[in-house]
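Visitor: what's the 3D shape of this:
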Amino acid sequence: MTAERIKHSQELLKEMNYDGWVILTNHGQDLHALLLLGKKNPGRLSVIVTPNENPHIIVSQMEAPIFEDMIGIEVSSYSDTKQLVEQIKNEFSQFSDNSKIILDYVDDPLGRDDTFDLMTYGEVTKLKTMFPEINFEPAAPFLKKLRTKKTEAEIKAHEIACKYTMEILEDVPNFVSVGMSERDILSEIDCRSKKVGESAFDTIVGIGPDAASPHHVPSSFEKLGNDELLLIDMGIFITDPSPASSDQTWTFYTGRPTEQALRMYEAVYEAKERAIKAAKPGIPAYTLDEITRATIEEFGFDEKKLFIHATGHPLGIEVHDVGPIISKKSPHSEQLLEPNMVLTVEPGLYIKDLGGVRLEDDIVITKTGCKRLSYTPPELIQIR
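Guide: Below is the predicted model of the structure:
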């Protein structure tokens with residue numbers, strides 16, 4: 001995967017007429033180092049990518065063994081900050097005056113590209129002071145192109161992460177029982193996730209009325225009773241064969257479901273299915289949002305009051321990744337769907353004091369339509 005992603009980044013540098021891409025990261029705060037190298041680094045790391053030469057990484061002596069086996073990567077190590085600065089100066093000596101170098105920062109940290117603001121103000125200022133002859137530019141336009149469409153290795157990794165996630169969700173009726181708290185359920189899910197990767201985000205577990213809060217924070221006090229909805233939104237992050245996340249939501253019921261719960265589930269499931277069937281290249285992302293909302297209205301629910309979030313979002317190394325938002329309200333929603341985009345489709349209904357139903361699948365856009373990476377049950381699963 002590393003070679004595939006590096007090759008893609010070098011091709012983009014040429015296409016966009018950049019002379020280099022420099023990543024400076026500490027404690028892994030810039031995930032693009034992980035995206036390129038496929039390995040986490042707990043310390044300070046510099047990555048220099050140019051259009052034609054092997055990438056060069058500068059890493060502390062303590063972390064150097066992590067990267068020593070990598071093919072096509074030049075590795076240098078440093079013992080102290082002074083040595084690090086000297087090595088960075090040496091690397092920048094390859095660039096001529098007026099070279100265009102991109103960095104992972106943005107000019108407007110409150111703007112739409114804030115997800116790419118990964119370097120500190122001090123780091124950017126220091127580089128501009130050290131190398132005044134170089135033209136440093138924000139990497140946002142480059143990173144959007146790099147991350148919006150996934151490589152084949154990344155798509156395969158998404159499939160694997162989804163498989164692991166579905167295995168846990170399928171087993172929920174066997175390890176969840178009445179009397180467990182939201183945090184009891186969360187702990188079991190996160191423990192199982194750790195066996196294959198790690199949680200891609202803070203797992204959401206909502207019991208009864210708590211399920212009506214889309215981003216509910218699980219509690220130790222709320223315990224699962226009889227005749228209640230249970231909503232679980234979880235994802236797994238893996239790094240092999242490529243860094244990738246899953247994001248899936250299932251909804252369950254303890255005991256015999258009420259007619260209202262069944263109707264909610266049927267409406268949300270049908271809305272999701274219709275949107276997935278319609279997903280294909282060349283259509284605006286908001287088209288899927290219009291489909292889910294029209295379906296929910298068709299079932300007699302007020303989508304404006306009861307469906308209070310976007311239909312979906314891009315998925316990648318980050319759970320909310322780079323790409324189109326599936327919502328008529330989003331400025332990104334007019335972006336056309338393209339092959340190799342990975343997205344979530346997750347309509348929901350939320351009724352205060354009763355609970356919520358959300359069903360979420362991950363898909364990848366293909367040349368002619370889309371491919372499911374996950375599934376949700378067509379009928380409401382009962383926990384007895």
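Visitor: Which helix or strand contains residue 8?
Guide: Using DSSP states H and E, residue 8 maps to helix 2-15.
Visitor: From the chain's centre, how far out is that helix? Work that out for me.
Guide: Centroid separation for helix 2-15 versus its chain: 21 Å, with Cα atoms, centre = their mean, to the nearest Å.
Visitor: ok, the following helix or strand past that helix: who's next to it in the sheet?
Guide: In the C-terminal direction, the helix or strand that comes right after helix 2-15 (DSSP H and E) is strand 20-26. Under the criterion DSSP bridges, strand 20-26 sits next to strand 44-49 (antiparallel), strand 100-103 (parallel) in its sheet.
Visitor: need the helices for the stretch 151-300 of the chain, in chain order.
Guide: With DSSP state H, counting those that start in this stretch as the definition, the stretch 151-300 of the chain shows helices at residue ranges 152-170, 172-175, 182-194, 259-278, 286-298.
Visitor: In CSV: these, plus distance to residue 72, mean pLDDT and mean neighbour count.
Guide: No exception for glycine: its C-beta is placed from N, CA and C like everyone else's. Listed next are the helices of the stretch 151-300 of the chain as CSV, based on distance: least, Cβ to Cβ, whole Å; pLDDT from 0 to 100; neighbours: other Cβ atoms under 10 Å:
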stretch, distance to residue 72, mean pLDDT, mean neighbour count
helix 152-170, 15, 97, 20
helix 172-175, 43, 97, 13
helix 182-194, 31, 98, 19
helix 259-278, 38, 98, 20
helix 286-298, 39, 98, 21
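Visitor: quick one: which of these is nearest residue 204?
Guide: Of all those, helix 182-194 sits nearest to residue 204, with 8.3 Å by Cβ to Cβ.
Visitor: Who are the packing partners of the closest one?
Guide: Helix 182-194 sits against helix 152-170, strand 198-199, strand 204-207, strand 229-234, with contacts defined as 3 or more Cβ pairs under 8 Å, 6 or more residues apart in numbering; DSSP states H and E.
Visitor: just to revisit the earlier point, buried residues in the helix holding residue 8?
Guide: For helix 2-15, the neighbour count (16 or more other Cβ atoms under 10 Å) marks 2, 5, 6, 9, 10, 12, 13 as buried.
Visitor: Over to stretch 370-380?
Guide: Of the residues in stretch 370-380, 370, 373, 374, 375, 376, 380 count as buried by neighbour count, 16+ other Cβ under 10 Å.
Visitor: Quick one: end-to-end distance for that stretch.
Guide: The straight-line separation of the ends of stretch 370-380 (Cα to Cα, to the nearest Å) is 25 Å.
Visitor: Show me what that stretch is in contact with.
Guide: For stretch 370-380, contacts defined as Cβ atoms under 8 Å, 6 or more residues apart in numbering pick out 158-159, 162, 165-166, 246, 248-253, 257, 261-262, 265, 269, 272, 276, 279-280, 342, 359-364.
Visitor: May I see the strands paired with strand 20-26 arranged in TSV, with distance to residue 235 and mean pLDDT as well?
Guide: Output for the strands paired with strand 20-26, formatted as TSV (distance: least, Cβ to Cβ, whole Å; pLDDT from 0 to 100):
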stretch	distance to residue 235	mean pLDDT
strand 44-49	26	94
strand 100-103	29	96
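Visitor: So for residue 197, which of those sits nearest?
Guide: Closest to residue 197 of these is strand 44-49 (Cβ to Cβ; 21.5 Å).
Visitor: which of the residues in the closest one are buried?
Guide: Neighbour-count burial for strand 44-49, counted by 16+ other Cβ under 10 Å, picks out 44, 45, 46, 47, 48, 49.
Visitor: how about the nearest residue to the fourth one, chain neighbours excluded?
Guide: Excluding the flanking residues, the one nearest residue 47 by Cβ to Cβ, 6 or more residues apart in numbering is residue 23, at 4.1 Å.
Visitor: In this structure that neighbour contacts residue 30, no?
Guide: Yes. If you go by Cβ atoms under 8 Å, residue 23 and residue 30 touch, sitting 5.5 Å apart.
Visitor: Give the bridge partners for residue 236, please.
Guide: Beta-bridge pairing of residue 236 under DSSP bridges involves residue 199.
Visitor: Run through the residues that contact the nearest residue in space to residue 44 that is not next to it in sequence.
Guide: Once flanking residues are discounted, residue 44 sits nearest to residue 26: 4.6 Å by Cβ to Cβ, 6+ apart. Residue 26 makes contact with 43, 44, 45, according to Cβ under 8 Å, 6+ apart.
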